[in-house]
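Q: Got a predicted model here, sequence first, then my questions.
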Amino acid sequence: MGLAYEFDWGVLWRQPYGLWLLKGVGLTVIIGLSSWFIALALGIFIGTLRVTSYRILRFIGTFYVEVLRNIPLLVQMFFWFYAGPMLFGEHLGRKINHINELNIYVAILCLGLYTASRVAEHVRAGFASIHRDQYQAALSTGMTQMQMYRYVIIPYALRLIIPPLTTEFLTIFKNTSIAMTIGVAELTFQSYRIDAETFHGLEATTGAMIIYFFLGMAVVKFMGLLEKRFKIPGLVGR
Amino acid sequence: MRRLAIIGLILAFGLALVCAPALAGPTLDRIEKTGKIRIGFREGSIPFAYIDAKVGKHVGFSVDMAGLLAENLSKRFGKKIKIVPFTVTPKTRIPMVVNGTIDVEMGSTTYTAKREEVADFSLIFFFSETTFLVAKDSGIKTLADLNGKRVGAARGTTNLKAVRKLAEEGKFKPAAIVVTETHPQGMLALKSGKIDAYSTDRSLLEGLRMKDQNPDKWMTVDFAIAYEPYAYICRENDSDFRDFLNNTILWAIKTGKFFEIYEKWMGPNGVVPIKMSPAYKDYLQMIVYPISEGWWKKK
């Protein structure tokens, strides 16, 4: 008995299946990039909060990071999508629920907020790895604490953490697949849909795998270029 | 192990073919001779045919119908005809009828053209309908009422396919089709106002409704957008037996026994309450041809 499964790679480009995959890739890229934007901006902010000398700010930063990174993303997605709108009261909640493509917005926001907590940790680690002399040197030139962070520490730290951020950037694309659970028709969703309609799930999944792989490679290459471009000779890297 | 099973299956089919002449005699004759009818039941198809853990026996709507069949056979032959129950699965139910292990399968099998190629089917006795659950006060009564509304269905279901197809064909124009991961999530989406109507099988929708804190707030709509007809499986080329099976169904409808059994399993207090849609009720009335007491006698 041979394999009972007969491969039909045609489903990857036959219409409408090829188009579904293409749409899925588009949505995956849009969600990944948009949430990465949120994650980066918020993550740097929160990470900085965690190392300031103000106790209340540090507390806010720590609270945010611990809550967001300790709850599985899957659960967060579910919560924000189904319970989130209820937090706004009945009238406004109903309006929010009626926003078209609400699930996509929720996915972007949720993924962004979650990844921000992880970015914040890397940022904090970046700060911690900068020698305390740097801080003192900056302050001794008459900079305020704000200026010290803005002009000295953050530019440093960001360069230091490019490698770990690459991983986060990669992960955010992979995590977009969790948006499937709230009905976002991204790449994994579409490959499952092709499976449901054609029973050729293996081909569709393989197609999705290859696409994810190349997306990931693009991210790695891009971050590698960034790292090179912003390297400070003698300070970061080999 | 798997290969052994496959070889076994092939052998079983081969044997069935070789022995076919021996089985070809009308099923009714054999039932008369042995005083037994062999019937295949599912073990988990609630409420049609399943094993009740408490009594350790097959029970359900179709099992009660099998009881009627045995009753009628007893009347025909003037002696008690006993049911020998067999447990079947979706994979084995057709082969077991075809190879003569069982005389008829009475469960919840969907009647399809592909299956009709290898076996015969009784009259359709039930329709699993793809329909919608809505709030009672939503005013949604027809498909047209769903235009501009937000509808939901679970990923990977035939129901979602049906909803999408209908929307693509322009039969209705929903504001959005929301895909959920599970049926309970669909119910949650409905309750939280994300969607105005949730679509799956009527039986499942009624199950969701009954589990809600407020079952009376919801209702399934009267229309359906797709049907899966259920019928019983019997052997090909044995029209006497098939007629007898069909007449059992018709007679049950005519005498009201069918509705009693339906009420018992799928009525408001049944195991799985499934409201009879008007279309289904009409269908049942329309298939009954004039039939009277004594139809079971041999002509």
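A: Perfect, I can see it now. Numbers count the residues shown, from 1 in each chain, chains lettered A, B, ... in the order given.
Q: could you pull out the strands for the stretch 1-150 of chain B?
A: Assignment of strands within the stretch 1-150 of chain B using DSSP state E, counting those that start in this stretch yields the ranges B:36-41, B:44-45, B:49-52, B:57-59, B:82-87, B:104-110, B:120-135, B:150-154.
Q: List the single closest residue to the residue in chain A that chain B sits nearest to in space, sequence neighbours excluded.
A: Here chain A gets closest to chain B at one residue, residue A:183, 3.6 Å apart by Cβ to the nearest Cβ. Yep, even glycine has a C-beta here, placed from its N, CA and C like the rest. The spatial neighbour of residue A:183 that comes closest, neighbours along the chain excluded (Cβ to Cβ, 6 or more residues apart in numbering or on different chains), is residue B:179 at 3.6 Å.
Q: Quick one: neighbours of that neighbour, just the number.
A: 26 (other Cβ atoms under 10 Å in any protein chain shown).
Q: Okay, and the beta partners of it?
A: Beta-bridge pairing for residue B:179 (DSSP bridges): residue B:153.
Q: Now do the contacts for it.
A: Residues in contact with residue B:179 (Cβ atoms under 8 Å, 6 or more residues apart in numbering or on different chains) are A:183, A:185, A:189, B:152-155, B:160.
Q: swap the cut-off to 7 Å and go again
A: Contacts for residue B:179 (Cβ atoms under 7 Å, 6 or more residues apart in numbering or on different chains) come out as A:183, B:153, B:155, B:160.
Q: Tell me the confidence at the residue of the stretch 151-299 of chain B found nearest chain A?
A: The nearest approach of the stretch 151-299 of chain B to chain A comes at residue B:179, 3.6 Å away (Cβ to the nearest Cβ). As predicted, residue B:179 sits at a pLDDT of 92.
Q: contacting residues for the residue lying closest to residue B:287 once chain neighbours are set aside?
A: Spatial nearest neighbour of residue B:287, excluding adjacent residues (Cβ to Cβ, 6+ apart): residue B:123 at 6.2 Å. When contacts are counted by Cβ under 7 Å, 6+ apart, residue B:123 is found next to B:231, B:246, B:249, B:287.
Q: Residue B:213 - how many residues pack around it?
A: Neighbour tally, residue B:213, other Cβ under 10 Å: 6.
Q: how far away is the residue nearest to residue A:183 from residue B:227?
A: Separation of residue B:179 from residue B:227 (Cβ to Cβ, to the nearest Å) stands at 22 Å.
Q: cool, residue A:18 as well?
A: For residue A:18, the distance to residue B:227 equals 31 Å [Cβ to Cβ].
Q: just checking, residue A:159 touches residue A:232?
A: Yes - contact criterion Cβ atoms under 7 Å: residue A:159 and residue A:232 qualify, at 6.4 Å.
Q: more crowded one of those two?
A: Neighbours per residue, other Cβ under 10 Å: of residue A:159 and residue A:232, the larger number sits with residue A:159, 17 against 11.
Q: Okay, and which of the contacts of residue B:123 map to strands?
A: Among these, DSSP state E puts residue B:231 in strands.
Q: related to what we said a few turns ago, any chance of the contacts of residue B:179 in TSV, with neighbour count too?
A: Output for the contacts of residue B:179, formatted as TSV (neighbours: other Cβ atoms under 10 Å in any protein chain shown):
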residue	neighbour count
A:183	24
B:153	27
B:155	18
B:160	22
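Q: Which member of the residues you listed is positioned nearest residue A:116?
A: If you rank the contacts of residue B:179 by distance to residue A:116 using Cβ to Cβ, residue A:183 comes first, at 23.7 Å.
Q: Let me see the contact set for that closest one.
A: By Cβ under 7 Å, 6+ apart, the residues touching residue A:183 are A:103, B:178-180.
Q: Swap in 8 Å and give it another go.
A: Contacts for residue A:183 (Cβ under 8 Å, 6+ apart) come out as A:103, A:189, B:155, B:178-181.
Q: same deal with residue B:185?
A: Counting by Cβ under 8 Å, 6+ apart, residue B:185 touches A:78, A:82, B:154.
Q: filter the residues you listed to the buried ones?
A: Neighbour counting by 16 or more other Cβ atoms under 10 Å in any protein chain shown classes A:78, A:82, B:154 among the contacts of residue B:185 as buried.
Q: Mind checking which residue lies nearest the centre of chain A?
A: Note on chain A: the residue nearest the mean C-alpha position is residue A:172, at 3.3 Å, using Cα atoms, centre = their mean.
Q: Put the alpha carbons of the helix or strand that contains that residue into PDB.
A: Per DSSP states H and E: residue A:172 is located in helix A:162-175. Extracted as PDB, the C-alpha positions of helix A:162-175 are listed here (Å, rounded to 0.1, in the frame of the first residue of the first chain):
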ATOM      1  CA  ILE A 162      19.400  45.000  17.700                       C
ATOM      2  CA  PRO A 163      20.200  41.300  17.700                       C
ATOM      3  CA  PRO A 164      17.600  40.400  20.400                       C
ATOM      4  CA  LEU A 165      15.100  42.700  18.700                       C
ATOM      5  CA  THR A 166      15.600  40.700  15.500                       C
ATOM      6  CA  THR A 167      14.200  37.700  17.300                       C
ATOM      7  CA  GLU A 168      11.200  39.700  18.500                       C
ATOM      8  CA  PHE A 169      10.600  41.100  15.000                       C
ATOM      9  CA  LEU A 170      10.600  37.500  13.600                       C
ATOM     10  CA  THR A 171       8.400  36.300  16.400                       C
ATOM     11  CA  ILE A 172       5.800  39.000  15.700                       C
ATOM     12  CA  PHE A 173       5.300  37.600  12.200                       C
ATOM     13  CA  LYS A 174       5.000  34.100  13.500                       C
ATOM     14  CA  ASN A 175       2.600  35.300  16.200                       C
END
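Q: Could you point out the helix or strand that follows it?
A: Counting by DSSP H and E, the next helix or strand C-terminal to helix A:162-175 is helix A:187-198.
Q: Check which helices and strands that following helix sits against.
A: Applying 3 or more Cβ pairs under 8 Å, 6 or more residues apart in numbering or on different chains; DSSP states H and E, one finds that helix A:187-198 makes contact with helix A:17-49, helix A:201-229.
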